[in-house]
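Visitor: Provided below are the primary sequence and the corresponding predicted coordinates.
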Amino acid sequence: MAKAIMVQGTMSNAGKSLLAAGLCRIFRQDGYRVAPFKSQNMALNSFITEEGLEMGRAQVMQAEAAGIAPSVKMNPILLKPTNDVGSQVIVNGEVLGTMSARDYFKFKKELVPKVMEAYEELAAENDIIVIEGAGSPAEINLKEDDIVNMGMAKRAKAPVLLVGDIDRGGVFAQLIGTVMLLEEDERKMVKGLIVNKFRGDKTILDPGIKMLEERSGVPVVGVAPYLDIQVEDEDSLTERFEGHQERGILDLAVIRLPRISNFTDFNPLESIPGVSLRYVRHVHELGSPDMILLPGTKNTMEDLLWMRQNGLEAAVLKEAAKGKIIFGICGGYQMLGETLSDPHHVEAGGQIKGMGLLPMDTVFVEAKTRTRVQGHFLELPGILHSMSGIPLEGYEIHMGTSRPNQDAVQASKIVDQVTKEEKEDGLCAGNVYGTYVHGVFDREEVTQGLVKALGDWKGIDVSQMTSVDFAAFKESQYDILAAELRRHLDMKKIYEILETGIEE
């Protein structure tokens, strides 16, 4: 069985996911078979495996860092919030149902056998498992029947590295307070502290580090710097949303919906020099971009009503009337149609008008479509005509089916990689385009084709604005991450912690 080490945090967004990914890459570079694991993940960014099963993207990112294929065994429970008090519960990649927070809290202990079965299968196949916690282990209202923090550490016999975020301030109180709120047996499992996201001269921090070790009784195994590493974000706490609003040579605007999901679809566009990708929530932020992107969402109808109420829908329609490119993915694609109906109360129920930019009607159904696809764009009208025939690939995750009306123009032909069924996907009308395929921009040919089409339309030379092989780019980012962590973490001590484990 594999040895395990666990990364827990003092709060959400302390940097657990990135540090776990970095450790995965380091262990892999050192010759070990390593896999990530997170028993329970709450996020709207998800991924479909080759088997057509759904899992959280954070563990996909960590699997990439470990150099292995993603598996739902790495994330047996995924919670996708549907509203403020309830979530869709996905177990081993399949939808179990939708539960309120209170109902799930009562139910979760029944999932322990599923969690441990997944973990033990991974542990039998690898030398090291890097486990990630969720939120904070000191959330005392959630500790009963815990399956994701100290409860998981105990079951896996995993020593814990506790991470605090100095960028938010109060890191000493974060770390010491968390340790003090743990039970005695839990405190003994914390074998190292990490101060994360540090900027500046570390020597100024040294007196605080000494006091932190004295007060907590736990060694500090590293002060990790604030890293600008371009890897995928887990959820809506991403700092991408707070980025600059400067316009590039090509200006792309993503509507930041309240329940935005799978915004990782747009990460490849951020890596292109001269392209600005802005997330906007208000009409005054939108301006007049070259292209507006409508992302996926966990609640299409409510997010469309949100756009309708705050004026963003009218602003998008105005830009569409000017001939600007409007591109919708999944829920964003559904919004572009004429009607959205929810007879089974998959979302809020009822029927509403769509934006009316694409000739189709969407009906939400109880069964979720989950699959990977490959294909190519068909003959596209409008500004993106030059992208006709370009190959694409990605995955589908959606609860609705969209039926094109008469004279609709299909956007692509794809092959379901699970069922091998060939089908048409997406629609286009003028300069409005939509698809159900997440990851549609991941291929270099697609991003390069998009840049060229936009450049030709604007009459500017974009020959120097080369897109990148996104898979190779991510590999380079994982190597940079590993190199930085080797510089700033005491890896000798971390290996000692891994080897020693916890006292029985």
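Guide: Noted; the coordinates are in hand.

Visitor: what pairs with the residue nearest to Val190 when sequence neighbours are not counted across the strands?
Guide: Residue nearest to Val190 in three dimensions, not counting chain neighbours: Val160, with 4.8 Å by C-beta to C-beta, 6 or more residues apart in numbering. Just so you know, the C-beta spots here come from the backbone N, C-alpha and C atoms, and that holds for glycine as well. When bridges are called by DSSP bridges, Val160 pairs up with Met6, Val190.

Visitor: Neighbours of Val160, how many?
Guide: Counted with other C-beta atoms under 10 Å, residues neighbouring Val160 total 28.

Visitor: Go ahead and confirm it touches Lys191.
Guide: Yes. Between Val160 and Lys191 there is a contact at 6.3 Å, judged by C-beta atoms under 8 Å.

Visitor: that older thread, and the residue nearest to Val190, what pLDDT?
Guide: Looking at Val160, its pLDDT is 98.

Visitor: before we move on, what about Gln245?
Guide: Gln245 is given a pLDDT of 63.

Visitor: Glu366: which element?
Guide: Assigned by DSSP states H and E, Glu366 belongs to strand 360-377.

Visitor: Please name the strands paired to that strand in the sheet, noting orientation.
Guide: Partners of strand 360-377 in its sheet, by DSSP bridges: strand 339-342 (parallel), strand 391-404 (antiparallel), strand 409-416 (antiparallel).

Visitor: could you redo the ones you listed as a markdown table and give each row mean neighbour count?
Guide: Formatted as a markdown table, these follow (neighbours: other C-beta atoms under 10 Å):
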| stretch | mean neighbour count |
| --- | --- |
| strand 339-342 | 18 |
| strand 391-404 | 20 |
| strand 409-416 | 20 |
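
Visitor: Helix or strand next in line after the helix or strand hosting Glu214, which one?
Guide: For Glu214, the host element (DSSP H and E) is helix 206-216. From helix 206-216 onward toward the C-terminus, using DSSP H and E, the following helix or strand is strand 220-225.

Visitor: The following helix or strand past that following strand pairs with which strands?
Guide: As assigned by DSSP H and E, the chain's next helix or strand after strand 220-225 is strand 250-255. Sheet pairing of strand 250-255 (DSSP bridges) gives strand 275-280 (parallel), strand 291-294 (parallel).

Visitor: The shortest one: how far from the chain's middle?
Guide: Going back to what we said before, that points to strand 291-294. 19 Å (C-alpha atoms, centre = their mean, to the nearest Å).

Visitor: pLDDT (mean, whole number) over that strand?
Guide: The pLDDT scores in strand 291-294 average 98.

Visitor: got it, and stretch 278-286?
Guide: pLDDT averaged over stretch 278-286 gives 95.

Visitor: Buried residues, that stretch. List them.
Guide: Neighbour-count burial for stretch 278-286 flags Arg278, Tyr279, Val280, Arg281, Val283, Leu286 (criterion: 16 or more other C-beta atoms under 10 Å).

Visitor: same thing with stretch 35-47?
Guide: 35-47.

Visitor: quick one: which two of the residues you listed are the most distant?
Guide: Ala35 and Leu44 (23.7 Å; C-beta to C-beta).

Visitor: how distant is the lengthiest helix in the chain from the center of its chain?
Guide: With secondary structure taken from DSSP state H, the chain has its longest helix at helix 470-488. Here helix 470-488 is found 18 Å from its chain centre; the criterion is C-alpha atoms, centre = their mean.

Visitor: So what touches that helix?
Guide: 18-19, 21-23, 25-26, 29, 64-65, 222-225, 227, 229-231, 267-268, 271, 442-444, 447, 491 (C-beta atoms under 8 Å, 6 or more residues apart in numbering).

Visitor: PyMOL command for the buried members of those residues?
Guide: Paste this into PyMOL to select the buried members of those, with burial taken from 16+ other C-beta under 10 Å:
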select buried, resi 18+19+21+22+23+25+26+64+65+222+223+224+225+227+230+231+267+268+271+442+443+444+447+491
